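S.K.: what's the 3D shape of this:
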Amino acid sequence: AMKDDEVEVAVQVNGKTRAVISVPADISKEDAIAQGKEAVKDKMSGNVVKEIYVPGKIINIVCK
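M.R.: Numbers count the residues shown, from 1 in each chain. I've put the predicted structure just below:
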């Protein structure tokens, strides 16, 4: 069961969902992105050029 203080966030790499992680609802942008990158580290290639976190919704990592 998901606790009220946790949210499921999709982790996208270049616009494609590669993972879904549970994070605290009040997580900071930096921590959310760090957890997202950890979840998809084997699916990232090249250099990270952009990191977007929409609270409670999505983490988008753009690599080139």
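S.K.: low pLDDT regions in the chain?
M.R.: Judged by pLDDT under 70, the chain has its weakly predicted residues at 1-3.
S.K.: mind listing the helices for it?
M.R.: Taking DSSP state H as the test, the helices found in the chain are 29-39.
S.K.: what ranges do the strands span in it?
M.R.: 6-13, 16-24, 48-54, 58-63 (DSSP state E).
S.K.: with mean neighbour count and distance to residue 34 added, can I get those in a markdown table?
M.R.: The way it works is simple: take the backbone N, C-alpha and C, and place the C-beta from them, glycine included. Shown next, in a markdown table, are the strands of the chain (neighbours: other Cβ atoms under 10 Å; distance: least, Cβ to Cβ, whole Å):
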| stretch | mean neighbour count | distance to residue 34 |
| --- | --- | --- |
| strand 6-13 | 18 | 11 |
| strand 16-24 | 14 | 10 |
| strand 48-54 | 13 | 10 |
| strand 58-63 | 19 | 10 |
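S.K.: save the ones you listed as TSV, and put in distance to residue 38 too.
M.R.: Supplementary listing: these in TSV, determined by distance: least, Cβ to Cβ, whole Å:
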stretch	distance to residue 38
strand 6-13	9
strand 16-24	9
strand 48-54	13
strand 58-63	11
